[in-house]
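**Q** I would like the atomic coordinates for the input below:
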Amino acid sequence: MLLEFRHQKWESAPVDDPKKGRADDNEPEATEPRPRVSRYVMPLGPRVLVKLLPGDSRTSAGLFLPPGAKEAAAEVAYAEVVEVARANPDDEGEGFGKNVSGVPLGARVLFVKSKGLAVPWDDKLRVVEVKDVVAIVEEIGLDEAH
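**A** Purely as a prediction, here's the structure:
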């Protein structure tokens, strides 16, 4: 399945059909192909939709960690904002409304890890309240910093 955002696309796991049972049941496969589903997620209220970004797999001493070891101990998560809460569209109905979340689209943020709501069909997506975003991170190359 395909999740579409203005500039990004994600593949999603098949949606379970309640009439046919779960997708992983041991029943014979139906001859009909599953329909492709496109989902657009628009956060409501002071919320943003973020995509988790992979963290560095090394400690400050240079040791490599197994996948997930550093993230398990962290209190905050690092993510990119892929959608924001918006006002109603203009009267003409064209385009999207104004960003009302206060967090810019495409920003990289740190948020309280325990506060983000997981999106059921994608493990990398979280819906986060703006009050739980603790920082906007701007990455600057070493050549630009000096």
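
**Q** for V128, what are its contacts?
**A** By Cβ atoms under 8 Å, 6 or more residues apart in numbering, the contact set of V128 is 47-50, 79, 109, 111, 115-117. For the C-beta atoms, the positions are set from N, CA and C on the backbone; glycine is no exception.

**Q** what about the helices in the protein?
**A** All helices of the chain, identified by DSSP state H, fall at 69-73, 142-145.

**Q** Count the neighbours of the closest residue to K124 other than its chain neighbours for me.
**A** What sits nearest to K124 in space, not counting adjacent residues and going by Cβ to Cβ, 6 or more residues apart in numbering, is L52, at 4.9 Å. L52: 19 surrounding residues under other Cβ atoms under 10 Å.

**Q** Just confirm L52 contacts A118, I think it does.
**A** No - with contact defined as Cβ atoms under 8 Å, L52 and A118 do not form a contacting pair (9.8 Å).

**Q** what residues are shared contacts of the two?
**A** Common contacts of L52 and A118 (Cβ under 8 Å, 6+ apart): 125-126.

**Q** before we move on, the earlier item: give the buried subset of the contacts of V128 as a PyMOL selection command.
**A** Command for PyMOL that selects the buried part of the contacts of V128, burial taken from 16 or more other Cβ atoms under 10 Å:
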select buried, resi 47+48+49+50+79+109+111+116
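
**Q** what two of the contacts of V128 are the furthest from one another?
**A** Using Cβ to Cβ, the two most remote members of those are V109 and L117, lying 15.1 Å apart.

**Q** hey, least reliable of the helices of the chain by pLDDT?
**A** Here these differ in mean pLDDT, and the lowest is helix 69-73 at a mean of 59.

**Q** which residues of the protein fall in strands?
**A** With DSSP state E as the criterion, the chain has strands at 2-4, 9-11, 38-39, 47-52, 76-84, 108-112, 117-119, 122-129, 133-137.
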